[in-house]
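>>> just a sequence and a predicted model for now, questions to come.
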Amino acid sequence: QMHLVESGGGLVQAGGSLRLSCADSGRAFNSYAMGWFRQAPGKEREFVAAINWSGTTTYYADSVKGRFTISRGDAKNAVALQMKNLRPEDTALYYCAAGFYPRQVAGEYNDWGQGTQVTVSS
């Protein structure tokens, strides 16, 4: 079982940027697809972005296309989510997850981190 740890969350003004990172504390996850999801208070967990194991294919929710970029490190043992032009509606707890395929459904992922909070003020 993987132990994913997210970092990089924080408080930022609307229009600002943040870079989230996710790594496994025990081993590399270079054979897994990775996804980012988010959950705002009182809302369902929703898909944000996903990347395949090799880093060659990415997927994004319509709400973040053109603003967020998912990427893997050269050693493929970390995954990042670069977020630009942040909006108050992006405020949520952001989770990274590992699975066999870069799906948009949370149930397709087997391992999850604890999340990192992103708060965007207006």
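Structure received. These numbers come from a predicted model, not from an experiment. Numbers count the residues shown, from 1 in each chain.

>>> what about the residue nearest to Trp112 when sequence neighbours are not counted, neighbour count?
Of all residues not flanking Trp112 in the chain, Ala97 sits nearest, at 4.9 Å (C-beta to C-beta, 6 or more residues apart in numbering). Placement of C-beta: from N, CA and C, glycine included. Neighbour count of Ala97, defined by other C-beta atoms under 10 Å: 25.

>>> list the buried residues in stretch 10-24.
For stretch 10-24, the neighbour count (16 or more other C-beta atoms under 10 Å) marks Val12, Leu18, Leu20, Ser21, Cys22, Ala23, Asp24 as buried.

>>> try stretch 54-61
So, applying 16+ other C-beta under 10 Å, buried residues of stretch 54-61: Gly55, Tyr59, Tyr60, Ala61.

>>> just list whatever residues bridge to the residue most central in space within the chain.
What sits nearest the mean C-alpha location of the chain, by C-alpha atoms, centre = their mean, is Trp36, with 2.6 Å. Under DSSP bridges, the beta-bridge partners of Trp36 are Ala49, Cys96.

>>> how about low-confidence regions in the protein?
25-28, 74-76 (pLDDT under 70).

>>> what segments of it are strands?
Under the criterion DSSP state E, the chain contains strands at 4-7, 10-13, 18-24, 33-39, 46-51, 58-60, 68-72, 78-83, 92-99, 109-112, 116-121.

>>> coming back round to it: Gly113 is in contact with the residue nearest to Trp112, correct?
Yes: under the criterion of C-beta atoms under 8 Å, Ala97 is in contact with Gly113, at a separation of 7.3 Å.

>>> that'll do, ta.
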